[in-house]
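**Q** just the structure for this:
(one chain, ligands or ions: 1)
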Amino acid sequence: MERKKIIAIYPGSFDPITLGHLDIITRASTLFEKVIIAIAVNSEKNPMFSKDTRLKMIKEVTKNIENIEIDKFSGLLVDYAKNKNAKVIVRGIRALSDYEYEFNMALMNRSLDESITTTFLVAHQKYTHLSSSLVREVASLGGNVSNLVPPFVIEELKRKINE
Ligand code: PNS
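**A** I've put the predicted structure just below:
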């Protein structure tokens, strides 16, 4: 399938990036000319990982995907998107329960800027239960997260937990 000549933004906290995020990034990279993975640095109160570590992890685990860029942003997502000339925001949907929050966010972003369209990609069903917050909790309590995050992230989690 030919990629659309559109720049898309995939925003999120990525604290840390999971296999579910990676699934969405891989799908988006086949659809759009360029996908900017944008780490929100001011929307989260108390992240486990610094913005630089989050960026480093994303960089490492996406190094085989050619048409992506990784960046950090603060302020409104639509302002950042406009600045980057991106017309599409990509969000992943794991289950129906994600939809209400995502729908409201899409409508708010549309009311802020009509020219930017949100598109939802459905994550693989093996990631339905997966979230960064559960990964943080399970890893902090010594559980096995090897089927939830890439190996590089496991090492960073171990490092963080042993700090
Ligand atoms: O991974 P997350 O935490 O679900 O991502 C949420 C995120 C970062 C995409 C959202 O909070 C966001 O876009 N924040 C930037 C500030 C903003 O534009 N807020 C209005 C969106 S309706």
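
**Q** count the neighbours of residue 131 for me.
**A** As a burial measure, residue 131 scores 14 neighbours (other CB atoms under 10 Å). C-betas here are computed from N, CA, C, even on glycine.

**Q** buried stuff in the top helix by length along the chain?
**A** Longest helix of the chain, by residue count under DSSP state H: helix 96-112. Under the neighbour-count criterion of 16 or more other CB atoms under 10 Å, helix 96-112 has 98, 106, 109 buried.

**Q** okay, those in TSV with pLDDT and distance to the ligand next?
**A** Shown next, in TSV, are those (pLDDT from 0 to 100; distance: CB to the nearest ligand atom, whole Å):
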residue	pLDDT	distance to the ligand
98	93	9
106	98	8
109	98	5
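
**Q** which neighbouring elements make contact with the longest helix of the chain?
**A** helix 77-83, strand 88-93, strand 117-122 (3 or more CB pairs under 8 Å, 6 or more residues apart in numbering; DSSP states H and E).

**Q** restrict that helix to CA atoms and write it as CSV.
**A** Provided in CSV are the C-alpha atoms of helix 96-112 (Å, rounded to 0.1, in the frame of the first residue of the first chain):
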residue,chain,number,x,y,z
LEU,A,96,-14.1,0.1,23.7
SER,A,97,-13.4,1.6,27.1
ASP,A,98,-10.6,3.8,25.6
TYR,A,99,-13.1,5.3,23.2
GLU,A,100,-14.9,7.8,25.5
TYR,A,101,-11.7,9.5,26.6
GLU,A,102,-10.2,9.5,23.1
PHE,A,103,-13.4,10.7,21.5
ASN,A,104,-13.6,13.7,23.9
MET,A,105,-10.0,14.5,23.2
ALA,A,106,-10.5,14.3,19.5
LEU,A,107,-13.4,16.6,19.6
MET,A,108,-11.6,19.1,21.8
ASN,A,109,-8.6,19.1,19.5
ARG,A,110,-11.0,19.6,16.6
SER,A,111,-12.6,22.5,18.3
LEU,A,112,-9.2,24.0,18.8
